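Visitor: no sequence for this one, just the structure:
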């Protein structure tokens with residue numbers, strides 16, 4: 001079984017993408033200097049908004065989850081896994097984690113990339129508030 005979630009978010013002038021263990025997309029439109037894991041703002045979805053089929057399949061360790069970010073011809077792919085501890089109850093945030101820690105914002109654990117691992121060329125594009133970021137989340141049972 002495979003479930004795909006497509007949505008959009010935007011860049012922001014304060015995006016740093018320097019966090020070593022997490023990556024975050026948020027519905028919020030404001031960003032502070034402390035938000036070093038945030039890679040997109042003004043998202044059309046938060047964890048709570050994800051499709052019920054996506055949430056169901058993602059609540060398994062046997063589910064591979066892929067995050068694809070596309071901006072102006074540049075693509076970043078982050079691979080990780082689901083977890084029975086995922087709740088998808090946060091209304092604004094989607095967080096990808098290298099660890100197995102979960103909270104209402106977590107959408108993927110054991111990820112192979114965090115914000116710091118995104119190419120700096122990609123990060124330079126998402127520092128522009130007018131940049132529209134295509135986001136795809138794929139959950140697939142292995």
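Guide: Yep, that arrived. Note that the coordinates shown come from a computational prediction; the quantities given were computed from them, not determined experimentally.
Visitor: pLDDT at residue 102, what is it?
Guide: On the pLDDT scale, residue 102 is placed at 98.
Visitor: and it, that's in a strand?
Guide: No. Residue 102: not assigned to a strand; according to DSSP: H, G, I helix; E, B strand; the rest coil it is coil.
Visitor: how near is it to residue 84?
Guide: 9 Å (CB to CB, to the nearest Å). Just so you know, the C-beta spots here come from the backbone N, C-alpha and C atoms, and that holds for glycine as well.
Visitor: what residues are shared contacts of these two?
Guide: Counting by CB atoms under 8 Å, 6 or more residues apart in numbering, no residue touches both residue 102 and residue 84.
Visitor: ok, the two, which is more surrounded?
Guide: Ranked by neighbour count (other CB atoms under 10 Å), residue 102 and residue 84 place residue 102 first, with 17 against 9.
Visitor: from what I see, the more buried one and residue 90 are in contact.
Guide: No. With contact defined as CB atoms under 8 Å, residue 102 does not count as touching residue 90 (11.0 Å).
Visitor: which residues in this structure form helices?
Guide: 52-58, 120-126 (DSSP state H).
Visitor: most tightly packed of those helices?
Guide: For the helices of the chain, average neighbour numbers computed from mean count of other CB atoms under 10 Å are highest in helix 52-58, which has a mean of 18.
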